[in-house]
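Engineer: sequence first, predicted model second:
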Amino acid sequence: MIALPKIRQQFPIFNEEVKGHRVAFLDTGASAQKPQVVIDAEKNVYEKYYANIHRGVYYFSEKSTQEYEAVRQIAQSFIKAADEREIIFTKGTTESINLVAQSYGRMVLNTGDVVIISEMEHHANIVPWQMICDEKGAELKIIPINDDGDLLLDQYVAMLDDRVKIVSVTQVSNVLGTINDVKFIIDEAHKVGAKVLIDGAQGAVHQPLDVVALDADFYVFSAHKLYGPTGVGILYGKRKLLEAMPPYQTGGDMIDVVTFEKTTFAPLPNKFEAGTPNIAGVIAFGEAMKWVEAVGFETIVAHEDALLTYAMAQLAEIPEVHVIGTAKEKAGVISFVIKGIHPHDIGTLLDHEGVAVRVGHHCAQPLMRRMKVPATARMSFGVYSTSEEIDRLVAGLKKIISLFS
């Protein structure tokens, strides 16, 4: 088992206790904890040089602007985009998907066109497409999955024809941990002229990114799952597509000239960044991306894969536990149920042991129905997670099963 104590020590929250226990945090899939360098970066903005960006000619504003725009270059390097103007700062994955649906979707969809998503999508990658399809008279088609949680890609290919304009799928399922073959999905969609959005909320933290090699038309992810602050995310889009798209929101900083007769808009990326952004959050996100790269994806992936293997083996020793999602390619996310015990009871009782897991439908109600469960408990790993935390969860589950029996 890989031990990364020096990495865990960089997270001050692990010095805290919960109900008399050391923290065992197994909910990184919902939101990752923050290393000290990220906390310090955001704090430093407010203490040393905070001011609004792109507007002032004084030192604080110029410094804030410089640091903010430097993160665009960091993000470009992080995902290997061709042009820093292809990096749009948003509030997170949800806003990024809504931006594409409401701007690109409204621009290209007409009656009879098709949008394809999958059966394992988060609500944030379902509802925006439902709404724009309803508005434009387009059809929403769903790629099914098998009982293990793998996409049925042969059925996906059979769906593709010249009516398909947009395909939007998750790279890694937030419930099942399934790692999808998004390169295949993109390549097949492009054969019929469709554009593809990849929801990388869970994917961006698990593997190195190269959006040019993927040939993704749009790629979206959030800072808070990548050891950064909440309220910040990135939309990557191919420059030609972004330049053709109308603004999603209007207001300050996204305009060129405004008159009462007509308004013209700023070039990329400002066209899609209306209003005062989360300046300190973006700057801290830059530190998070640098921190992840310093740790190295080879280290992150090896550690989380080792934890996944260990956890699956431990759960297999408990007959009452049923894991939901056993795909061939799987990230460090494990959802499970115990017959006769509601997931909310599991989560509440584990909390008394200082163990934090997620419970509920995980913003994926259609997937819950497909897997024939109302809800699950879910553990998910980060680079700071340990086998000892898994041992504590397993001990807690045995205690809960004994209590209910």
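Structural biologist: Structure received. Numbers count the residues shown, from 1 in each chain.

Engineer: which residues in the stretch 201-350 of the chain form helices?
Structural biologist: With DSSP state H, counting those that start in this stretch as the criterion, the stretch 201-350 of the chain has helices at 211-214, 239-244, 279-295, 297-316, 343-351.

Engineer: next, count neighbours for the closest residue to Y248 other than its chain neighbours.
Structural biologist: Nearest residue to Y248, sequence neighbours excluded (C-beta to C-beta, 6 or more residues apart in numbering): L99, at 4.3 Å. The C-beta positions use only the backbone N, C-alpha and C, and glycine is treated the same way. When neighbours are defined as other C-beta atoms under 10 Å, L99 has 25 of them.

Engineer: quick one: which helix or strand includes L99?
Structural biologist: Assigned by DSSP states H and E, L99 belongs to helix 93-100.

Engineer: can you give the distance of that helix from its chain's centre?
Structural biologist: 11 Å (C-alpha atoms, centre = their mean, to the nearest Å).

Engineer: other SSEs contacting it?
Structural biologist: With contacts defined as 3 or more C-beta pairs under 8 Å, 6 or more residues apart in numbering; DSSP states H and E, the packing partners of helix 93-100 are strand 87-90, strand 195-199, strand 218-222, strand 233-237.

Engineer: out of those strands, flag the one nearest V258.
Structural biologist: strand 87-90 (21.2 Å; C-beta to C-beta).

Engineer: re earlier: okay, the helices and strands packed on helix 93-100 in JSON lines with mean neighbour count and distance to R358 next?
Structural biologist: Formatted as JSON lines, the helices and strands packed on helix 93-100 follow (neighbours: other C-beta atoms under 10 Å; distance: least, C-beta to C-beta, whole Å):
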{"stretch": "strand 87-90", "mean neighbour count": "24", "distance to R358": "24"}
{"stretch": "strand 195-199", "mean neighbour count": "26", "distance to R358": "18"}
{"stretch": "strand 218-222", "mean neighbour count": "28", "distance to R358": "16"}
{"stretch": "strand 233-237", "mean neighbour count": "28", "distance to R358": "20"}
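
Engineer: okay, the ones you listed in a markdown table with mean pLDDT next?
Structural biologist: A markdown table is the format used below for those (pLDDT from 0 to 100):
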| stretch | mean pLDDT |
| --- | --- |
| strand 87-90 | 98 |
| strand 195-199 | 99 |
| strand 218-222 | 98 |
| strand 233-237 | 98 |
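
Engineer: out of those strands, which comes closest to V323?
Structural biologist: strand 195-199 (22.9 Å).

Engineer: give the pairing partners of the closest one; include direction for each.
Structural biologist: Taking DSSP bridges as the criterion, strand 195-199 forms sheet pairs with strand 164-170 (parallel), strand 218-222 (parallel).

Engineer: in JSON lines, list these along with distance to A158.
Structural biologist: Output for these, formatted as JSON lines (distance: least, C-beta to C-beta, whole Å):
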{"stretch": "strand 164-170", "distance to A158": "11"}
{"stretch": "strand 218-222", "distance to A158": "24"}
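
Engineer: and those: which comes nearest F60?
Structural biologist: Using C-beta to C-beta, the nearest of the strands paired with strand 195-199 to F60 is strand 218-222, at 27.7 Å.

Engineer: sorry, back to before: out of the helices and strands packed on helix 93-100, nearest to A356?
Structural biologist: Closest among those, using C-beta to C-beta: strand 218-222, at 19.3 Å.

Engineer: picking that back up, run through who's touching the helix holding L99.
Structural biologist: 88, 90, 124-125, 128, 168, 197, 199-201, 218, 220-222, 233-235, 237, 248, 272 (C-beta atoms under 8 Å, 6 or more residues apart in numbering).

Engineer: what about 6 Å?
Structural biologist: Where contact means C-beta atoms under 6 Å, 6 or more residues apart in numbering, the residues beyond helix 93-100 that reach it are 90, 124-125, 128, 197, 201, 218, 220-222, 233, 235, 248.

Engineer: what's the answer for stretch 336-347, then?
Structural biologist: By C-beta under 6 Å, 6+ apart, stretch 336-347 touches E320, V321, H322, V323, V357, V359, V373, A375, T376, A377, F404.

Engineer: swap in 7 Å and give it another go.
Structural biologist: 315, 320-324, 357, 359-360, 373, 375-377, 400-401, 404 (C-beta atoms under 7 Å, 6 or more residues apart in numbering).
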